[in-house]
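**Student:** here is the input, now give the coordinates:
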Amino acid sequence: QVQLVESGGGLVQAGGSLKLSCAASGRTFNDFVMGWFRQAPGKEREVVAGVSWNGGNTYYADSVKGRFTISRDNAKNTLTLQMNSLSTEDTAVYYCAARRARTYTETYSSLESDYQGQGTQVTVSS
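**Tutor:** Next up is the predicted model:
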């Protein structure tokens, strides 16, 4: 079992930044590829960023490339998402997710997950 707890969400003006964190506990953190997905009201869930088990490979949705940065610290069992140049389109609940790694290089890039957190609200005002 893996427990994932997100933090760092909040209200920010357009153009601002937020940093989300995900603290993991339970099974060995580096057995998993990790990522963030979001869900906005009336929209489908969208994977925004993912990272391989060792942080060596990353994935970003086109909508966030160049603005968001994902990273992980396996020593601290934490996953972070630095979000810059936020727009109102980024308003959503953001979820941390984990899926058992199947290959050495894969990242989290689809909505398939073994575990996910409760989510943290990010609201970007215009």
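**Student:** how close does residue 75 sit to residue 30?
**Tutor:** Distance from residue 75 to residue 30, counting by C-beta to C-beta, to the nearest Å: 9 Å. Using the backbone N, CA and C atoms, a C-beta is placed for each residue, glycine as well.
**Student:** looking at those two, which one has more neighbours?
**Tutor:** Neighbours per residue, other C-beta atoms under 10 Å: of residue 75 and residue 30, the larger number sits with residue 30, 16 against 8.
**Student:** in three-state terms, label the more buried one for me.
**Tutor:** helix (DSSP: H, G, I helix; E, B strand; the rest coil).
**Student:** my read: it touches residue 53, true?
**Tutor:** Yes - at 5.1 Å, residue 30 and residue 53 qualify as touching, with contact defined as C-beta atoms under 8 Å.
**Student:** joint contacts of the two?
**Tutor:** residue 74 (C-beta atoms under 8 Å, 6 or more residues apart in numbering).
**Student:** who's in contact with the most centrally placed residue in the chain?
**Tutor:** Nearest residue to the geometric centre of the chain (C-alpha atoms, centre = their mean): residue 36, 2.2 Å. Applying C-beta under 8 Å, 6+ apart, one finds that residue 36 lies in contact with 20, 22, 47-50, 70, 79, 81, 94-97.
**Student:** let's see it at 10 Å
**Tutor:** 6, 20, 22, 46-51, 61, 64, 68, 70, 79-81, 83, 94-97, 108, 116-117, 120 (C-beta atoms under 10 Å, 6 or more residues apart in numbering).
**Student:** of those, buried ones?
**Tutor:** 6, 20, 22, 47-51, 61, 64, 68, 70, 79-81, 83, 94-97, 108, 116-117, 120 (16 or more other C-beta atoms under 10 Å).
**Student:** which parts of this protein are helices?
**Tutor:** With helices called from DSSP state H, the chain shows none.
**Student:** going by residue numbers, what spans are strands in it?
**Tutor:** Using DSSP state E, the strands assigned to the chain run over residues 2-7, 10-13, 18-26, 32-39, 46-51, 58-60, 68-73, 78-83, 92-100, 115-116, 120-125.
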